[in-house]
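A.B. asks: quick one: sequence plus predicted model below, questions after.
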Amino acid sequence: MTIPLGQTNRQWRFAKRPKLGDPVSRDLFRLETGDVPQIGPDQMIVRTICLATSPAQWGYLVHDNGMFQPLAIGDVMRGRGVGEVIQSRHADFKTGDIVTASLGWQDYSLQDPTKQPPNIKTILKVENPCRPLTLALGSLGVDGFAAYFGLLDIGKPQAGETVVISAAAGGIGSVAGQIAKIKDCRVIGIAGSDQKCRWLTTDLGFDGAINYKTENVGERLDMLCPDGMDVFFDNVGGDILNDALAHLALKARVVFCGYISTEYQPGIVPGPRNYTKLLSQRARLEGFIVFDYVDRFPEAEQQMRRWLIAGRLKNTEDVVEGLDAMPDALASLFTGGNKGNKIVRVAPDPNGLPSLS
Ligand SMILES: NC(=O)c1ccc[n+]([C@@H]2O[C@H](COP(=O)([O-])OP(=O)(O)OC[C@H]3O[C@@H](n4cnc5c(N)ncnc54)[C@H](OP(=O)(O)O)[C@@H]3O)[C@@H](O)[C@H]2O)c1
């Protein structure tokens, strides 16, 4: 595909630096129209098809947490997406390839595979892509892989064990819980509305759910996990982590995936008061970064694809249309406005009809 003459590139740029604790709002960004980039040696131009949202994107705006470089005012907003290579001068990629990469909130991006961080390949070719392509940002993408490796490699759930998941109706949580069910565990989800709790138990097969906004989490864990929990997959930190620590079974594993409830708040992130339970229960708490597993992404992709095709894993994506929706889609992660993986579709799939194969 060549770039049509006169084609422009819509771009969301970072306009105003928020303070920690501020809500995500549209006025932090401005939508501009620029030129489609010019290709150089070893580079390629990628047309965005869909873009992921992630709480980490808020982190790009506010602070340097040691994991990613904060953005400067005027930069194109950073974000991962799925796109089609429309021009390539790199030997490993050809026109028509589908890739996932940090495309940014824009229609077209210049990608340079020679400039990837030395130890992490972040421009990944999607081999034999599943349809819809949004899957490559959900169950068959980085969020799905975080659920897969976090739960299986760190949580190591055994059949019959009790697994509890926070932000269970979110992108990573909804996949982690389903994998725990596939592994024959009892699964309890914690989420922020009755509607989400019903979705977890009726549609995704969870054994129980707790609405942390209206119920006492500690009391509900007493009822639902009378023998304690063997695995806690934590996406939120804060009070929920504290309540969970008080309910660990002997030799429990706490998978530290994220801490959205405290990560972007002002002040020092409070530590959990109940951390002493790790000692009395001979338990383990371990953090992970999904890109540590990049060499094993194909293993996760193949397994998750088999589960999807067999109907054992439901695609829990929550898709909204149009580049214009990006700021609101990101904001929804912090207000619980998403159910499953929030993804924004920017342009049509070049191959048309969606089907899973
Ligand atoms: N370790 C890694 O490699 C890795 C990779 C990607 C993401 N992460 C982390 O994994 C977590 C989940 O990410 P995701 O992309 O799948 O997001 P997500 O779960 O789809 O969205 C975030 C969810 O968190 C809940 N939430 C928001 N504020 C909360 C609060 N104050 N207290 C409790 N729950 C709150 C909301 O659901 P409710 O309606 O239930 O409140 C919201 O739906 C995040 O912490 C993220 O930073 C880690």
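C.D. replies: Arrived safely, thanks for sending.
A.B. asks: what about whatever residue of the stretch 251-357 of the chain ends up closest to the ligand, distance to Arg296?
C.D. replies: Closest contact between the stretch 251-357 of the chain and the ligand, by CB to the nearest ligand atom, is at Gly258 (2.0 Å). Using the backbone N, CA and C atoms, a C-beta is placed for each residue, glycine as well. Distance, Gly258 to Arg296, by CB to CB, to the nearest Å: 20 Å.
A.B. asks: neighbours of the residue of the stretch 251-357 of the chain closest to the ligand, how many?
C.D. replies: 22 (other CB atoms under 10 Å).
A.B. asks: my guess is it contacts Asn235. True?
C.D. replies: Yes - because the distance of 4.6 Å satisfies CB atoms under 8 Å, Gly258 is recorded as touching Asn235.
A.B. asks: report the set of residues contacting both of these two.
C.D. replies: 167, 172 (CB atoms under 8 Å, 6 or more residues apart in numbering).
A.B. asks: which of the three states applies to the residue nearest to the spatial centre of the chain?
C.D. replies: The chain has Asp143 as the residue nearest its centroid, 3.7 Å off, counting by CA atoms, centre = their mean. Under DSSP: H, G, I helix; E, B strand; the rest coil, the three-state class of Asp143 is helix.
A.B. asks: what sits closest to it if chain neighbours are left out?
C.D. replies: Of all residues not flanking Asp143 in the chain, Gly171 sits nearest, at 4.4 Å (CB to CB, 6 or more residues apart in numbering).
A.B. asks: ok, that neighbour - contacts?
C.D. replies: 138, 143, 316-317, 338, 340-342.
A.B. asks: could you dump the residues you listed to TSV with distance to Ser25 and secondary structure?
C.D. replies: Shown next, in TSV, are these (distance: CB to CB, whole Å; DSSP: H, G, I helix; E, B strand; the rest coil):
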residue	distance to Ser25	secondary structure
Gly138	25	coil
Asp143	24	helix
Thr316	26	coil
Glu317	24	strand
Asn338	17	coil
Gly340	23	strand
Asn341	22	strand
Lys342	16	strand
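A.B. asks: dump these to JSON lines, plus distance to the ligand and pLDDT.
C.D. replies: Formatted as JSON lines, these follow (distance: CB to the nearest ligand atom, whole Å; pLDDT from 0 to 100):
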{"residue": "Gly138", "distance to the ligand": "10", "pLDDT": "95"}
{"residue": "Asp143", "distance to the ligand": "5", "pLDDT": "96"}
{"residue": "Thr316", "distance to the ligand": "9", "pLDDT": "96"}
{"residue": "Glu317", "distance to the ligand": "10", "pLDDT": "95"}
{"residue": "Asn338", "distance to the ligand": "5", "pLDDT": "97"}
{"residue": "Gly340", "distance to the ligand": "7", "pLDDT": "97"}
{"residue": "Asn341", "distance to the ligand": "6", "pLDDT": "97"}
{"residue": "Lys342", "distance to the ligand": "6", "pLDDT": "98"}
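A.B. asks: on that earlier part again, pull the contacting residues for the residue nearest to the centre of the chain.
C.D. replies: Taking CB under 8 Å, 6+ apart as the test, what Asp143 contacts is 52, 54, 137, 171-172, 175, 341.
A.B. asks: contacting residues for the residue of the stretch 251-357 of the chain closest to the ligand?
C.D. replies: 55, 167, 172, 234-237.
A.B. asks: check whatever residue of the stretch 101-250 of the chain ends up closest to the ligand and give its pLDDT.
C.D. replies: Nearest residue of the stretch 101-250 of the chain to the ligand (CB to the nearest ligand atom) works out as Gly170 at 1.8 Å. What the model reports for Gly170 is a pLDDT of 98.
A.B. asks: ditto for the one 5 residues further on
C.D. replies: Listed pLDDT for Val175 reads 98.
A.B. asks: going forward, the N-terminal residue is numbered 36.
C.D. replies: Got it, the first residue is 36 from now on, which makes the last one we talked about Val210.
A.B. asks: does it really touch Ala182, like I thought?
C.D. replies: Yes - at 3.8 Å, Val210 counts as touching Ala182 under the criterion of CB under 8 Å.
A.B. asks: what residues does the stretch 86-235 of the chain put near the ligand?
C.D. replies: 89-91, 178, 181, 202, 204-208, 226-228, 231 (CB under 6 Å from any ligand atom).
A.B. asks: quick one, what contacts Leu368?
C.D. replies: By CB under 8 Å, 6+ apart, Leu368 lies in contact with 88-90, 205, 295, 377.
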